[in-house]
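Q: Show me how the following folds:
(one chain, ligands or ions: 1)
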Amino acid sequence: MPLRLAVCVSGRGSNLVALLRALAGSALARVVLVLSNRADAPALERAREWGVKAVSLANPRDGAEWLRHLHGEQVELVVLAGYLKLVPAEVIAAYRDRMVNIHPALLPEFGGPGMYGHHVHEAVLRSGVGFSGATIHLVDEEYDRGAILAQARVPVLPGDTPDSLAARVLKAEHLLLPVVVLKAAEAGRPVPLPEPLELPA
Ligand code: GRF
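A: From the prediction side, this is the model:
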């Protein structure tokens, strides 16, 4: 039986689509539900195009509503892929060690409250580091602080803008997320990858 996944989204949904593409025809894992805090998130449209049940939460702060949907679809692993709001504590507790988030930088640097979207890439460029990348980590009660499962590194290049860096990191996200999900499906739970993925510019 494929591992039953929910993907939680707030916006565009490119990671969702990367995952759907990678899992097409897979016997290991299947996206059975997409949840959003925003009814107008383009990601919901992407989900429907792929024939996946897509739900806009009436009250994203209501954990009972989340759990009704997640349990209703017998979801075993929750993937936060560009979900920009706080997940209710009872959902985190119910899916402890079975909920992952993708973050567009190399945690533990450049994470925490306020570190999302272009803010992350601006902070990376300001710091002068030579690398950025994507991190997938377990979700716990603290923003971006759960155990790191996997990272993919990309170089920061001379002349990078927040947009050019974001685009390079996003490609890394699209490669990394399916790898981690398929590993989790094989193991029956999210597991750390032994090595960081090194990606060219
Ligand atoms: C990604 O950069 C992800 O790391 C971050 O939000 C962005 C979502 O992009 N958490 P998309 O909706 O998957 O296109």
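
Q: Against residue 14, how distant is the residue sitting nearest the centre point of the chain?
A: For the chain, the residue nearest the mean C-alpha position is residue 81 (2.8 Å; Cα atoms, centre = their mean). Distance, residue 81 to residue 14, using Cβ to Cβ, to the nearest Å: 9 Å. Where you see a C-beta, it was placed from the backbone N, CA and C, and this is true even at glycine.

Q: sorry, back to before: is the closest residue to the residue nearest to the centre of the chain other than its chain neighbours within a helix or a strand, and which one?
A: In this structure, residue 81 finds its nearest non-sequential neighbour in residue 15, 3.8 Å apart by Cβ to Cβ, 6 or more residues apart in numbering. Using DSSP states H and E, residue 15 maps to helix 14-23.

Q: average pLDDT across the helix or strand residue 79 falls within?
A: Counting by DSSP H and E, the element that carries residue 79 is strand 77-80. Computed over strand 77-80, the mean pLDDT rounds to 98.

Q: Which elements pack onto it?
A: Counting contacts by 3 or more Cβ pairs under 8 Å, 6 or more residues apart in numbering; DSSP states H and E, strand 77-80 is packed against strand 3-9, strand 99-103, helix 162-187.

Q: Just the residues contacting the shortest one, thanks.
A: Translated: strand 99-103. With contact meaning Cβ atoms under 8 Å, 6 or more residues apart in numbering, strand 99-103 is reached by 15, 77-83, 87, 91-92, 111, 120, 134-139, 144, 146, 149, 173, 176-177, 180, 184, 190.

Q: change it to 7 Å
A: Strand 99-103 is contacted from outside by 15, 78-81, 92, 111, 134-139, 144, 149, 173, 177, 180, 190, using Cβ atoms under 7 Å, 6 or more residues apart in numbering.

Q: and what of stretch 176-192?
A: Contacts for stretch 176-192 (Cβ under 7 Å, 6+ apart): 3, 5, 15, 18-19, 22-23, 28-29, 77, 79, 81, 97-98, 100, 102, 134, 136, 138, 149-150, 152, 193, 197.

Q: Contacting the ligand as well, which ones from the residues you listed?
A: When the contacts of stretch 176-192 are checked against the ligand using Cβ under 6 Å from any ligand atom, the ones in range are 15, 81, 102.

Q: Which single one of the residues you listed is nearest to the ligand?
A: Closest approach between those and the ligand, by Cβ to the nearest ligand atom: residue 15, at 3.2 Å.

Q: partner strands of the helix-or-strand element of the chain with minimal mean pLDDT, parallel or antiparallel?
A: The helix or strand of the chain with the lowest confidence, counting by mean pLDDT, DSSP states H and E, is strand 197-198 at a mean of 72. Neighbouring strands of strand 197-198 in its sheet, by DSSP bridges, are strand 148-155 (parallel).

Q: Identify all contacting residues around the strand it pairs with.
A: Residues from elsewhere that reach strand 148-155 (Cβ under 7 Å, 6+ apart): 100, 106-107, 130-138, 168-169, 172, 175-176, 179-180, 190, 192-193, 196-199, 201.

Q: number of nearby residues for whichever residue of the chain sits closest to the ligand?
A: Nearest to the ligand in the chain, going by Cβ to the nearest ligand atom, is residue 82, at a distance of 2.6 Å. Residue 82 has 23 neighbours, counted by other Cβ atoms under 10 Å.
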